[in-house]
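In: Fold the following for me, if possible:
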Amino acid sequence: MGENLKYETYLSIGTKKIIISVITDDNKKIYEDEISLNYHDKIDLLFKSVDEFLNDHIFKIEKKVKGFVKKIFVIIDSSDLFSLKLSIKERNYENSVTQKSLNHLLYEAKESCKKTLYQKKILHMIIDNYNFDNKVFTSLPKNLDCNSFSLDLSFVCISDNFVKELEKILSRYQITLSQVVYEGYVRTFLDNQNKDLFLMAKKVIEGCNSNEVIFMSKATKNEGFFEKFFNFFS
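Out: I've put the predicted structure just below:
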C-alpha cells in the first residue's frame, strides 16, 4: 500500500459480533476481521472484548496501510440505545420557510431532546415529516409559502457513559472516536444493490439521507448550525 492511501476504519459493535473493516476512498475493502460474542447485556465484558479485539488488529491494519489509524467510525447495536419521537411547531409570520426559520425550529427540537434525555448523546436526528398548513410532505418542498409549519422528528440516542468508555478504550491506541451510528438505522438503507453494512454506514455518515440533520461543530462562512443539511437553500 502506498503512503498516500486514503482510508477510513469502521468498528461494528453488535450483540453477537465485533467486526473491524477498513475502506478506501473509492469504496474498496482492504482489511476486515471479526470475533463472535457469546454473552448478552454484560457491558463490562463487551468493553473488555472491544479492547482485546483492537489490540489484536490495530497494528495489523497500520502495517497494511503503512500509516497510523487516527480515527474510527463506530456502528453500534446495544441495549443502551434509546429512540424518541418529537413534533415541534412554529407560527411562520413571514409566510415563507427560510433556512433561518428551519434552523431555529431544529435547534429548539434538539435542545428539548437534550433536556428530556439527560446524559444521552444524540446519534441521529431525522425529519420524518414536514407539515405546512396541515399538508404533510416527506421531503422539503421548494418555494412554499405558508402560515404555519411543523416538523415530525425521530431521535436515536445512546448513553454518554457508553460513548465515554469507547473513547477511553480508543485513546489507549491514540485513536479518536470520529462518529457513532446506529446499526439498525444503517440497515434501513440496505437493498439488493447495497448489501454491505460498512459501505452503507460510510454513505450514511457522508449524508445520503437528505432528511437527516447533520450537526456542525460551529458555523462557517456565515452559515447556520445545520449548514450541510440546508446547503440547497443557497
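
In: Now do the strands in the protein.
Out: 7-13, 17-24, 29-36, 71-76, 81-91, 120-132, 135-137, 148-159, 176-182 (DSSP state E).

In: Could you say which one of the ones you listed comes nearest to S210?
Out: S210 lies closest to strand 120-132 among these, at 9.0 Å (CB to CB). Every residue, glycine included, has its C-beta placed from N, CA and C.

In: Tell me who's in contact with K121.
Out: K121 is in contact with 157-160, 163, 180, counting by CB atoms under 8 Å, 6 or more residues apart in numbering.

In: hmm, which of those are the buried ones?
Out: Among the contacts of K121, those scoring as buried are 157-159, 163, 180 (criterion: 16 or more other CB atoms under 10 Å).

In: neighbouring contacts of stretch 10-29?
Out: 5-9, 30-37, 40, 46, 49-50, 53-54, 57, 61, 64-65, 72-78, 183, 197-199, 201-202.

In: before we move on, back to that, with mean pLDDT and distance to L106 added, can I get the strands of the chain in a markdown table?
Out: Formatted as a markdown table, the strands of the chain follow (pLDDT from 0 to 100; distance: least, CB to CB, whole Å):
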| stretch | mean pLDDT | distance to L106 |
| --- | --- | --- |
| strand 7-13 | 96 | 27 |
| strand 17-24 | 96 | 30 |
| strand 29-36 | 96 | 35 |
| strand 71-76 | 97 | 24 |
| strand 81-91 | 87 | 8 |
| strand 120-132 | 93 | 8 |
| strand 135-137 | 92 | 16 |
| strand 148-159 | 92 | 7 |
| strand 176-182 | 96 | 19 |
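
In: Take those and write them to a markdown table, including distance to N103.
Out: Output for those, formatted as a markdown table (distance: least, CB to CB, whole Å):
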| stretch | distance to N103 |
| --- | --- |
| strand 7-13 | 29 |
| strand 17-24 | 32 |
| strand 29-36 | 37 |
| strand 71-76 | 26 |
| strand 81-91 | 11 |
| strand 120-132 | 13 |
| strand 135-137 | 18 |
| strand 148-159 | 12 |
| strand 176-182 | 21 |
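
In: Columns distance to I13 on top of the contacts of K121, output as CSV?
Out: Formatted as CSV, these follow (distance: CB to CB, whole Å):
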residue, distance to I13
C157, 16
I158, 11
S159, 14
D160, 16
V163, 12
V180, 9
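
In: Give me the distance between the residue lying closest to T116 once chain neighbours are set aside and N55.
Out: Nearest residue to T116, sequence neighbours excluded (CB to CB, 6 or more residues apart in numbering): L84, at 7.0 Å. Separation of L84 from N55 (CB to CB, to the nearest Å): 36 Å.

In: Tell me which of those two has more neighbours.
Out: Taking neighbours as other CB atoms under 10 Å, L84 and N55 compare with L84 leading, 15 against 12.
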